[in-house]
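S.K.: The amino acid sequence is not available; the structure is as follows:
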Ligand SMILES: [Ca+2]
């Protein structure tokens, strides 16, 4: 890589704002001095018409010759250029000398659960669904080539959640854009997940008066019981259920004896919520409408996603409500719609029209593979919003489409991370968080040095600290004996 880019002047930077790029309005280009470990850079703001806002940051010295684009979370709606850590964070690349870009995916909102922008707004839905990333990539390439007087030698995309969906969408539909892609916790079947699955989990926890049945006060009891039942089934008692598929916890074991109630047991209604959550959505005929349920071992994260906490409402029901009102159906039912109206018999089939715009479910990666690009997918086994089974199912189907495990292994690998929250956002659980691993280095080594990731090192930075490899699916890091806090005690098997 050429690290010897010449220092770019104020004039060079400001002149970018005058560039003519098709379908694009550039708004400003200004120099930002070195700060907080970020190199001095030229900051370019603009939008692809009608409203795909973006920010591009171009290091003025020490450009590594490469481009790093990140995705956005939920319904996006903000240019979160100062996002910390790894998840959907452009500065993760900028800090390493990349020219970096991010986008709001085509609209403004108050936060990632706000979908009011999508009410009768098909163009906005198309932009959020498929168009934002390839369009901002196109503009970024033009700006990079103008600023450095040569194009990027390598291009990478990293995104988590909706960003993971965007990542897989790029690999499937726009395979020429990137040499390497990281898809984290991908919400790849968006309509199946955010309409059917989240409506199911929301309906299951709503009583006849519209109130939640199972609250955060019950979570520690449930978490302890699941850990007790299943922690050791993976061969190591470490607080994590590393293989939820092997966990046989029965919620009925927590039910209060008939005629009694108390802090240390659950009501029949609460047990019913757990059964529905762990099982996942089914119709009256008993057909599974979305693969898997809430994973056992994810309970530590439920107050954020499922039950709400003392200080905040649960996130999953907000996603379901906004999505169903404004995004899920060909005709938006609008602001009076309630999640209770979603009909598990009739409505899943009505999601197909919008699903064609949103879902990154294709298993055909042949064009991506043919241009010698590389894909790293990661997902947490303890993800209680974008639940992990759909990702494993997709990866297995894509593996079959690629001609088998050996073929897939040449260009795409999946890493299932034990105890990992959605995108590793919370450090509160028993496993690592998003600061505990570095998939970008693994991808660079694969793309640029031909070294495929036999495993990815991870480190838990909170107490109790540990280091451990995470292995390419279907392998698992198995404890070989010795100190369970050090990576050398584990092997991929
Ligand atoms: Ca365990």
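M.R.: Perfect, thanks for sending it. As the structure is a computational prediction, the values presented were derived from the model and not from experiment.
S.K.: Who does residue 157 form a beta bridge with?
M.R.: Counting by DSSP bridges, residue 157 is bridged to residue 69, residue 181.
S.K.: I'd like the distance between it and the ion.
M.R.: Going from residue 157 to the ion by C-beta to the ion, to the nearest Å gives 33 Å. Placement of C-beta: from N, CA and C, glycine included.
S.K.: before we move on, what about residue 280?
M.R.: Note on residue 280: its distance to the ion, by C-beta to the ion, is 23 Å.
S.K.: was I right about that residue contacting residue 199?
M.R.: No. Using C-beta atoms under 8 Å, residue 280 makes no contact with residue 199, being 11.8 Å away.
S.K.: Look at these two and report which has more neighbours.
M.R.: With neighbours defined as other C-beta atoms under 10 Å, residue 280 and residue 199 compare such that residue 199 has more, 28 against 19.
S.K.: Can you say which helix or strand has the more buried one in it?
M.R.: helix 198-204 (DSSP states H and E).
S.K.: Just the buried positions in that helix, please.
M.R.: 198, 199, 200, 201, 202, 203, 204 (16 or more other C-beta atoms under 10 Å).
S.K.: what element comes up after that helix heading to the C-terminus?
M.R.: Using DSSP H and E, the next helix or strand after helix 198-204 towards the C-terminus is helix 219-230.
S.K.: Other residues contacting the longest helix seen in the chain?
M.R.: Using DSSP state H to define each element, the chain has its longest helix at helix 132-148. Contacts with helix 132-148, where a contact means C-beta atoms under 8 Å, 6 or more residues apart in numbering, come from 5, 8, 12-13, 16, 19, 21, 23-24, 42, 44, 46, 48, 52, 54, 56, 58, 63, 67, 69, 71, 76, 99, 101, 103-106, 127, 151-152, 155, 157, 166, 169-170, 174, 177-178.
S.K.: filter those to the buried ones?
M.R.: By neighbour count, with 16+ other C-beta under 10 Å, those hold 5, 8, 12-13, 16, 19, 21, 24, 42, 44, 46, 48, 52, 54, 56, 58, 63, 67, 69, 71, 76, 99, 101, 103-106, 127, 152, 155, 157, 166, 169-170, 174, 177-178 as buried.
S.K.: re earlier: so for the longest helix of the chain, what gets flagged as buried?
M.R.: In helix 132-148, counting by 16+ other C-beta under 10 Å, buried: 132-144, 146-148.
S.K.: measure the residue nearest in space to the middle of the chain to residue 448 for me?
M.R.: Taking C-alpha atoms, centre = their mean, the centroid of the chain lies closest to residue 161, which sits 2.0 Å from it. According to C-beta to C-beta, to the nearest Å, residue 161 stands 27 Å off from residue 448.
S.K.: got it, and residue 360?
M.R.: 25 Å.
S.K.: Looking at those two now, which is surrounded by more residues?
M.R.: residue 360 (23 against 15).
S.K.: what kind of secondary structure is the more buried one in?
M.R.: Using DSSP: H, G, I helix; E, B strand; the rest coil, the structure places residue 360 in coil.
S.K.: what's the offset of the helix or strand harbouring residue 316 from the middle of its chain?
M.R.: Using DSSP H and E, residue 316 sits in helix 315-326. From the chain centre to the centre of helix 315-326 is a distance of 17 Å (C-alpha atoms, centre = their mean, to the nearest Å).
S.K.: got it, and stretch 95-111?
M.R.: Distance of stretch 95-111 from its chain centroid, counting by C-alpha atoms, centre = their mean, is 15 Å.
S.K.: one step back: which residues touch the helix holding residue 316?
M.R.: With contact meaning C-beta under 8 Å, 6+ apart, helix 315-326 is reached by 74-75, 113-119, 194-195, 198-199, 201-202, 304-306, 332-335, 337-339, 341-342, 384-385.
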